[in-house]
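just to be clear, the model below is a prediction. Sequence and coordinates:
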Amino acid sequence: MHVHFPIYNLFHQEIKACAEHLLEISGHNTQGLEEHSCHVFSRLSELHQFANKVLPEEHYYPLRELKFYLENTMLSYEDVFKQLQTIRLSEAIFLLKSSESNFEPKILRSLTDRFLCHFCEESKPGKNLFKKLTALKKL
């Protein structure tokens, strides 16, 4: 058991650091949030990856809740024909995080704008994402 303890602590520290960083960034207005968008995409991506690694019987309920939220919340954006399309938040994060996307710049702009608006709104106190990040911070 003692062999896993340092890894367990590092894992918890990283999860908490991601959540704290996202909550800190969420305090910015939408314009300030855009400057930190790369951090938002990276941190949410890291948390999603952590969630994929934990086993259901482990004590990471808040992390599994965040994963469920990211994989089941849909985000709308406009395609090149100004038609509304939808994508899972987890997929949007992956696409926005990778700088070598093959999407049209207009699509990426729409997706980025919609994602940042969603993040800004849902990371306010009392909202769904805020509650999940706060729970992770308390792990």
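Received, thanks.

please count neighbours and contacts with C-alpha atoms only from this point.
Noted.

check which helix or strand the most centrally placed residue in the chain maps to.
With distances taken as C-alpha atoms, centre = their mean, residue 44 lies nearest the centre of the chain, 2.8 Å away. With elements taken from DSSP states H and E, the one containing residue 44 is helix 37-53.

for that helix, packing partners?
helix 5-26, helix 61-72, helix 89-97 (3 or more C-alpha pairs under 8 Å, 6 or more residues apart in numbering; DSSP states H and E).

of those helices, which shows the lowest average pLDDT?
Here the lowest mean pLDDT among these goes to helix 5-26, at a mean of 85.

ok, residues contacting it?
33, 36, 40, 43-44, 46-47, 50, 119-120, 123-124, 130, 133-134, 136-139 (C-alpha atoms under 8 Å, 6 or more residues apart in numbering).

tell me what angle it forms with helix 37-53.
140 degrees (axes from the mean of the first three to the mean of the last three C-alpha atoms, to 10 degrees).

next, the angle helix 61-72 makes with helix 5-26.
Using the same axes, to 10 degrees: helix 5-26 against helix 61-72 is 50 degrees.
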